[in-house]
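Asks: fold the following for me, if possible:
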Amino acid sequence: MKLLVWLVPGLLLAQGMGSGPRTVRKAGGPKVAAPAFSLREVAAGLTAKHRYGDGTSRYILSMTGNGVAAVDYDNDGAVDLLFADGVAPVLYRNTGAGKFVDVSARSGLAPRQWGQGVCAGDFDNDGWTDVLLTYYGASRLYRNERGQFRDVTAGAGMPVEGKRFSTGCAFVDYDRDGRLDLVVANYVAFDLEKAAKPGATKYCTWLGLEVFCGPRGFPTDRPMLYRNEGGGKFRDVTEQALQGVAGLHYGLGVVVSDFDGDGWTDIYIACDSTPGILLRNNRDGTLTDIAVEAGAAYGANGEELGSMGVAAVDVDGDGRMDLVKTNFIDETPSLYRNLGDWFFVDATEETGLGSDATAVGWGLGVVDWDRDGRPDLVMANGHIYPELGAAQKQTKSLYWNGGGVFATVRTGAPMASRGLAVGDLDGDGMEEIVVTSLGAAPVVYRVEAKRGNGLGLRLEGTKSNRSAIGARVRVTVGGKTLTEEVRSGGSYASQHDFAVYFGLGAAAEAERVEVRWPNGETELVGKLAAGALYRVKEGSGVVGKKVW
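Replies: Numbering: from 1, shown residues only. Have a look, this model is predicted:
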């Protein structure tokens, strides 16, 4: 095992690139031993191999791969899986205990080439989770009609044709009217009929290899924002609502979060080879890109990063949502620590996330797998060029949080991975990790580690949007306050389950649980015992629970 040591201000990190426990130490303090942790593949019955478009590698369309959504589409209490396949969407129903059956043929989801990403949210507040599937061409909005999906794109007033290369997306109630709106990232301005072939220009080679062209060989694009007008109708408000966003971005991953804690949801978009986008919610129906002045647009040295996936997570337990991004090879992941007042600082090196620059990172998940109250990270990796052969396949990255400082391990079978979503698939109180990979069937993983106690909450809005997207949960245990939010989107072009989980360590209960609902009102839930997933309804408190 190769051992690498970094000295950075205030911190000594000892990191290994193989498997096994690690240690992290803040300067002047004792060493903290990381627990032994690794990924274990779980048999789940996911057999359909990922397909992309026409199956060739001639175009950048084939590189971006596909996302996955962990969502209970049939309201039976079990988390199902929807894959944005490149040829036709694939829907797996969870039959219980994390076992799945393919129900795509009777789902109502129509075959369509060049599928990219997926996000979820109950846009009509009828109690059934709807989905948006992003495509090259035009994305598709599917209304969930009691477990059967129906394409309502045209009736919703959204484009049904075109040449937009859409990737990540998220439902978000940005104007707090109780209806979920839509934000969609767009990658490159691409015309399949005119696209240059591998090796045609300087943008179509890499280290002497003739490869597909891009992204710098293509014009940039901009994100789109669709406001939910009610009655199943959406209106494109991009021009009037998104301020300071020039069409100079290659947008990929999207995450929604309240970064300044004012009760209004903001938006971050990870961009490839261009500055990131941080949309501050102005609370008047507009959002302004302040990524540059906030310190969240570039790398630590002012460089443009090849960013794909993104997560909002309170890494250091200060109640403010930090930002983590996955990036291209030789760049390492990025962590922007939120210092408040719209000021972020690149803390990648000092937190240990700069320990491994050998991965091309895509999907990103947050899982407190040892339930110690500190959120850990998992990253799906895979190079972009099939011309690399076996070297295109890479192992996953796990980052154990030792108190705002991470120990790293690379684990799992090498694959050309892309999308990643987390959710408790077998109902035992611990989230599993679902990863998509090019040309292979999806894989479900479980992190093997010694665990403390935990609890989960699944929220339902009444005055707020039914999915409770934008709700913030604060859990107090042992004098510490843990903070998490209900989100749509995130990762890379994927959707995590809406339930939020908290590690309580050795504590048998949370001393205080409160929810700030998306409409800004705060509700005290009270004390909750560990070992259960609680269903919390806005205005009614706990209305049910499932003991693990």
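Asks: since we're on K480, how many residues are nearby?
Replies: K480 has 14 neighbours, counted by other C-beta atoms under 10 Å. Where you see a C-beta, it was placed from the backbone N, CA and C, and this is true even at glycine.
Asks: same check on D126?
Replies: Quick note: D126 (other C-beta under 10 Å) scores 13 neighbours.
Asks: kindly report the same for A499.
Replies: 20.
Asks: one more: A97?
Replies: 11.
Asks: do G157 as well
Replies: Neighbours of G157 using other C-beta under 10 Å come to 16.
Asks: do a quick rundown of the helices in the stretch 251-400 of the chain.
Replies: Using DSSP state H, counting those that start in this stretch, the helices found in the stretch 251-400 of the chain span residues 291-294.
Asks: below-threshold pLDDT in it: ranges please.
Replies: By pLDDT under 70, the stretch 251-400 of the chain has no low-scoring segment.
Asks: grab the nearest non-local neighbour of W548.
Replies: G429 (3.6 Å; C-beta to C-beta, 6 or more residues apart in numbering).
Asks: how close does that neighbour get to Y501?
Replies: The gap separating G429 from Y501 is 8 Å, by C-beta to C-beta, to the nearest Å.
Asks: go on, V237?
Replies: In this view, V237 and Y501 are 34 Å apart by C-beta to C-beta.
Asks: okay, now the unreliable bits of this protein?
Replies: Flagging of the chain using pLDDT under 70 yields the residue ranges 1-32, 54-56.
Asks: all helices of it, in order?
Replies: Counting by DSSP state H, the chain has helices at residues 238-241, 291-294.
Asks: hey, which of those helices is tucked in deepest?
Replies: Each of the helices of the chain was scored by mean neighbour count; the highest is helix 291-294, a mean of 18, by mean count of other C-beta atoms under 10 Å.
Asks: now that helix, how far from the chain's geometric center?
Replies: Helix 291-294 sits 22 Å away from the centroid of its parent chain (C-alpha atoms, centre = their mean, to the nearest Å).
Asks: if we can go back for a sec, of G429 and Y501, who's got more company?
Replies: The neighbour count for G429 versus Y501, taken as other C-beta under 10 Å, is higher for Y501 (23 against 20).
Asks: distance check, the residue nearest to that one when sequence neighbours are not counted against R371.
Replies: Using C-beta to C-beta, 6+ apart and skipping residues adjacent in sequence, the residue nearest Y501 is G456, 4.4 Å away. Applying C-beta to C-beta, the value for G456 to R371 is 11 Å.
Asks: likewise T201?
Replies: 51 Å.
Asks: which of those two has more neighbours?
Replies: R371 (24 against 12).
Asks: let's see stretch 514-523 as CSV, backbone CA atoms only.
Replies: The C-alpha coordinates for stretch 514-523 follow below in CSV (Å, rounded to 0.1, in the frame of the first residue of the first chain):
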residue,chain,number,x,y,z
GLU,A,514,-37.4,20.5,14.6
VAL,A,515,-38.4,21.1,11.0
ARG,A,516,-38.4,24.3,9.1
TRP,A,517,-40.8,23.7,6.4
PRO,A,518,-40.3,25.1,2.8
ASN,A,519,-42.8,27.9,3.5
GLY,A,520,-40.6,29.2,6.3
GLU,A,521,-42.6,28.0,9.3
THR,A,522,-40.8,26.0,12.0
GLU,A,523,-42.4,23.1,13.8
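Asks: hang on, isn't T167 packed against N186?
Replies: Yes. Using C-beta atoms under 8 Å, T167 is in contact with N186, at 7.0 Å.
Asks: mind listing the shared neighbours of the two?
Replies: Common neighbours of T167 and N186, counting by C-beta atoms under 8 Å, 6 or more residues apart in numbering, are G251.
Asks: looking at the two, which is more packed in?
Replies: Taking neighbours as other C-beta under 10 Å, T167 and N186 compare with T167 leading, 33 against 25.
Asks: so who does the more buried one touch?
Replies: T167 touches 64, 116-117, 134, 185-187, 251-253, 493, counting by C-beta under 8 Å, 6+ apart.
Asks: in strands, which of the residues you listed appear?
Replies: Using DSSP state E, the subset of the contacts of T167 located in strands is 116-117, 134, 185-186, 251-253.
Asks: format those as JSON lines; extra columns: distance to V473.
Replies: Shown next, in JSON lines, are the ones in strands among the contacts of T167 (distance: C-beta to C-beta, whole Å):
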{"residue": "Q116", "distance to V473": "30"}
{"residue": "G117", "distance to V473": "26"}
{"residue": "T134", "distance to V473": "28"}
{"residue": "A185", "distance to V473": "26"}
{"residue": "N186", "distance to V473": "32"}
{"residue": "G251", "distance to V473": "28"}
{"residue": "L252", "distance to V473": "28"}
{"residue": "G253", "distance to V473": "23"}
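Asks: show me where the stretch 51-200 of the chain has its strands.
Replies: In the stretch 51-200 of the chain, the segments counted as strands under DSSP state E, counting those that start in this stretch are 68-71, 80-83, 90-96, 99-102, 115-121, 130-137, 140-145, 148-151, 164-172, 181-186.
Asks: just put the ones you listed in CSV and tack on distance to E193.
Replies: Shown next, in CSV, are the strands of the stretch 51-200 of the chain (distance: least, C-beta to C-beta, whole Å):
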stretch, distance to E193
strand 68-71, 30
strand 80-83, 27
strand 90-96, 28
strand 99-102, 33
strand 115-121, 19
strand 130-137, 12
strand 140-145, 21
strand 148-151, 25
strand 164-172, 14
strand 181-186, 18
